[in-house]
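Undergrad: build me a structure from this.
(2 chains)
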There are 2 protein chains.
Amino acid sequence: MSWKLSLLTDLAKEVFSAIHPLLGTARSREVLGLGFGGDKTRFIDAVSESAALQYLKNKGFSCIFIGEECGVKEIGFFPKFYLILDGVDGTTNATRGIGFASASIAMSPTSWLRDIEAAVVIDLYNGGIYSAEKGEGAKFNGQPIKTSSIKTLEEAVLSIDISRSPGSIEKVAPLVSKVRGVRALGSASLEICHVASGLLDAYVDIRGKLRMVDFAAGMLIVREAGGVFLQPNGEDIPNAQLNELKGFSVVASANRDIFDKIRLLISPNAPS
Amino acid sequence: MSWKLSLLTDLAKEVFSAIHPLLGTARSREVLGLGFGGDKTRFIDAVSESAALQYLKNKGFSCIFIGEECGVKEIGFFPKFYLILDGVDGTTNATRGIGFASASIAMSPTSWLRDIEAAVVIDLYNGGIYSAEKGEGAKFNGQPIKTSSIKTLEEAVLSIDISRSPGSIEKVAPLVSKVRGVRALGSASLEICHVASGLLDAYVDIRGKLRMVDFAAGMLIVREAGGVFLQPNGEDIPNAQLNELKGFSVVASANRDIFDKIRLLISPNAPS
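TA: Numbering: from 1, shown residues only, chains lettered A, B, ... in the order given. Modelled structure (predicted):
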């Protein structure tokens, strides 16, 4: 394992150790304020980010750290890379005890999304680790993974996020009625990793709300697993600074065939 | 623990032992034929039901067994009760390895749904056991559980099944746009138990497709936990023979307030 993946994996395990005992507890839900991204910071989010920051400081990894809660922080005196972290992706699930949440970490030598070259997503319930390095493929717990080979919607199981977005349900209705199964699991980065490992055939979020911190790691992992990660209209995800707060619409899919079939059913009204 | 819950719990653990090693394996998906309920019987479904039948025979529990795959079977010579079992609820999740599937078992002294007096649902991934006995409350892993006290849709997280039902998505659209979060987790009985234990605030399935084997156990568990389990129009679930194959529409909710708010948003078009 490269030093990059080794660092991200150790960091993910550190976050897991801090968070796992808090899952589903009353304490985890306490609201501490508003985070950098504009959402409420709950106790569990704060603990996760603190654990990550503390680990980096203790180990002497100087970097620019971008967290969902704390925003941009410079650690050490000679930052050599950028880290973007969502300490708890699926905070609602994690605070309630619904068994699907993750932490997501990506590393880039620059401040740009497109330059991300290593990523890890850890399942906060069972500790399973998805990872990828640019050009080196994707792995789950160290074993290579690839996306599914399903190419028809009639066989496909898709995860679609329609929470808190009046109007988006109508846009995905034609898609919903075509596919074999619809899921909404509540943690974007873990759902994208489920596409990477072939458990799901696609993840669809056309709400224009997904932030970079939610998908920066998953994007590399699903692409390295042979999947597609694009905007719903088929265009690439625009390059952006890692600290940008813009929301995106995205489709992660197992292959191009599935992507094209999804695109045809949602693109007429989908925001780009 | 009463002998009834003791029997159901042991049976659930037996099913768990047989099924857990198969989760997400290629073998689990093999299609063996069509079951009693009309769905494909996959290897994992068959193994689950066989494990349950074998256990009952070995222990000398004479009963009328109603299984999703095998239909009605008389075990032993002096049947004293009825057992209704869904060996794998969430077969798609279980065969793919998506971490949310259950086995569901209910016991009745008669052949009627309304007489069910003990029930167990086991999480096939982590072995967690939801149980209830009529008039005795509901438990998770032996500890009493109750439904959430959330009474507004704006705070509520609902699980809504919209798979394979063109038209149902339009009917739930007004509801979807009101609530805090929407999930679709893929195992009705486990989702209903999540309502029982307060992790979810409601489970909604208005497709008219849910069979008794899917909810017989969950219905008792969520009611014993203080929740509501009714048809979407507010009428009670009609009494029925346990081997009836009719599909139902159901809403399980944490309390009557949440139920009434859901009903108002879906009832105009919802099938009863």
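Undergrad: quick one, strands of the stretch 1-150 of chain A?
TA: In the stretch 1-150 of chain A, the segments counted as strands under DSSP state E, counting those that start in this stretch are A:31-34, A:40-42, A:63-67, A:71-75, A:82-89, A:102-108, A:118-123, A:129-133, A:138-140, A:143-145.
Undergrad: got those strands as CSV, with distance to A:Tyr203, mean pLDDT and mean neighbour count columns?
TA: Bear in mind the C-beta positions are built from the backbone N, C-alpha and C, glycine included. Converted to CSV, those look like this (distance: least, CB to CB, whole Å; pLDDT from 0 to 100; neighbours: other CB atoms under 10 Å in any protein chain shown):
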stretch, distance to A:Tyr203, mean pLDDT, mean neighbour count
strand A:31-34, 27, 90, 11
strand A:40-42, 24, 89, 20
strand A:63-67, 22, 95, 22
strand A:71-75, 26, 94, 14
strand A:82-89, 12, 96, 28
strand A:102-108, 13, 98, 29
strand A:118-123, 13, 98, 28
strand A:129-133, 13, 98, 26
strand A:138-140, 15, 98, 22
strand A:143-145, 15, 98, 14
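Undergrad: wait, which of those is closest to chain B?
TA: Closest of those to chain B is strand A:118-123, at 8.3 Å (criterion: CB to the nearest CB).
Undergrad: circling back: ok, which of the strands of the stretch 1-150 of chain A comes nearest B:Lys171?
TA: Among those, the nearest to B:Lys171 by CB to CB is strand A:82-89 (30.3 Å).
Undergrad: distance to A:Ser50 added to the strands of the stretch 1-150 of chain A, as TSV?
TA: Below are the strands of the stretch 1-150 of chain A laid out as TSV (distance: least, CB to CB, whole Å):
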stretch	distance to A:Ser50
strand A:31-34	11
strand A:40-42	11
strand A:63-67	10
strand A:71-75	11
strand A:82-89	9
strand A:102-108	13
strand A:118-123	16
strand A:129-133	21
strand A:138-140	27
strand A:143-145	31
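Undergrad: can I get the ones you listed in CSV including distance to chain B?
TA: Supplementary listing: the strands of the stretch 1-150 of chain A in CSV, determined by distance: least, CB to the nearest CB, whole Å:
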stretch, distance to chain B
strand A:31-34, 13
strand A:40-42, 12
strand A:63-67, 23
strand A:71-75, 25
strand A:82-89, 14
strand A:102-108, 12
strand A:118-123, 8
strand A:129-133, 13
strand A:138-140, 10
strand A:143-145, 11
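Undergrad: spatially central residue in chain A, please.
TA: Compute the mean C-alpha point of chain A, and by CA atoms, centre = their mean the closest residue is A:Ser189, 2.4 Å away.
Undergrad: gap between the residue of chain A most remote from its centre and A:Ser62?
TA: Most distant from the centre of chain A: A:Phe77, at 28.8 Å, with distances by CA atoms, centre = their mean. According to CB to CB, to the nearest Å, A:Phe77 and A:Ser62 sit 6 Å apart.
Undergrad: wait, what's in contact with A:Leu113?
TA: A:Leu113 makes contact with A:Met212, A:Ala216, A:Met219, A:Ile237, A:Asn239, A:Ala240, A:Gln241, A:Leu242 under the criterion CB atoms under 8 Å, 6 or more residues apart in numbering or on different chains.
Undergrad: good, wrapping up.
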